[in-house]
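Asks: kindly return the folded structure for what I paste below:
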Amino acid sequence: MSRHAHIDLPDGRQLDYEIRPSAKARSLRLKMTAREGLTVIAPKGLDERQVVELVTGKRDWIAAKLDQFEEVRHLLGEKKSARPEAFDLPALAEIWRVEYRTTRGKTVGARTDQQGRVLVYGAVIDGERCKTALRRWLARRAKETLTSWLDSLAAESGVRFNRVIIKNQRTRWGSCSAAGVISLNAKLLFLPPKLVRYVLMHELCHTLERNHISRFWTHLRQFEPQTELLHSQMRDAWKQVPPWAYPVHAGREGV
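Replies: Next up, the predicted model:
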């Protein structure tokens, strides 16, 4: 049966990976793809400490691969429209139309207008500034909705946290500090509700156990019986995020 673990990369990123036992494998092998992430193929019965040792020794290679995947995704995104006309937020069951309006301002902003649209205004001829304004609007919408969602789950589960911060990271859906401060990615709004709930519950459980050891997964399964299924579905979750939602500099935009 497959197991899951995580590694802290040299640049501060954290990556979950799968340890997949194989009766045919004679030695450890790393496989990393943009679709499935990092998988370690291990001979059955192998001591897990050997897996950790191998993965730790390959941290620089793993980080470089992640950067390559992001660069390809960025280049593909450049071919698409820099100014979306509409977008869906499945987490909230919302569909938003986007209206662009040129005004005298040299900057670009975005707000919700009286017609229930996202109004992008200012120097809207600048596509990059339009995307930045939309990401800031997205972060505000995430702050409005994910905070109350997390509060409800905390009350329901009896798990306490300190406060929540909304960011726009490239490679992490969420994190939890030792002080109980939970950071959530605004791009969670592009995921279906069941996956958002999984991420929120995942981070709440990190207030009980910081590391991805067996005790952590026991806590999480207590609140989410479909943990294994949802965890595997999260591997493809990034595909549901439109290119314009990715910031040029990871983690620099948020609320």
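
Asks: from here on, just use CA atoms for contacts and neighbour counts.
Replies: OK.

Asks: lowest-pLDDT helix or strand in the chain?
Replies: helix 59-78 (a mean of 72; mean pLDDT, DSSP states H and E).

Asks: after it, which helix or strand is next?
Replies: Downstream of helix 59-78, the next assigned helix or strand under DSSP states H and E is strand 86-89.

Asks: direction included, what does the helix or strand that that next one is followed by pair against?
Replies: As assigned by DSSP H and E, the chain's next helix or strand after strand 86-89 is strand 94-102. Paired strands of strand 94-102, with direction, are strand 86-89 (antiparallel), strand 118-122 (parallel) (DSSP bridges).

Asks: kindly provide the distance from the residue nearest the centre of the chain to residue 224.
Replies: Ranked by distance to the mean C-alpha position of the chain (Cα atoms, centre = their mean), the top residue is residue 173 at 2.4 Å. Distance, residue 173 to residue 224, by Cα to Cα, to the nearest Å: 17 Å.

Asks: now residue 93
Replies: Distance from residue 93 to residue 224, by Cα to Cα: 22 Å.

Asks: neighbour count winner among the two?
Replies: When residue 93 and residue 224 are compared for neighbours, residue 224 comes out ahead with 16 against 11, by other Cα atoms under 10 Å.

Asks: excluding its backbone neighbours, what's nearest the residue nearest to the centre of the chain?
Replies: Sequence neighbours aside, residue 185 is the residue nearest to residue 173 in space, at 5.0 Å (criterion: Cα to Cα, 6 or more residues apart in numbering).

Asks: what's the neighbour count on that neighbour?
Replies: 24.

Asks: ok, now which ones touch it?
Replies: 166, 167, 168, 169, 172, 173, 174 (Cα atoms under 8 Å, 6 or more residues apart in numbering).

Asks: related to what we said a few turns ago, you'd agree the residue nearest to the centre of the chain is up against residue 184?
Replies: Yes: counting by Cα atoms under 8 Å, residue 173 touches residue 184, with 6.1 Å between them.

Asks: residue 230 sits in which helix or strand?
Replies: Going by DSSP H and E, residue 230 is in helix 227-233.

Asks: average model confidence for that helix?
Replies: Across helix 227-233, the average pLDDT comes to 93.

Asks: could you list the buried residues of it?
Replies: If you call a residue buried by 16 or more other Cα atoms under 10 Å, then helix 227-233 has these buried ones: 227, 230, 231.

Asks: can I get these in CSV including distance to residue 18?
Replies: CSV is the format used below for the buried residues of helix 227-233 (distance: Cα to Cα, whole Å):
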residue, distance to residue 18
227, 14
230, 14
231, 10
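
Asks: thank you kindly, that will do.
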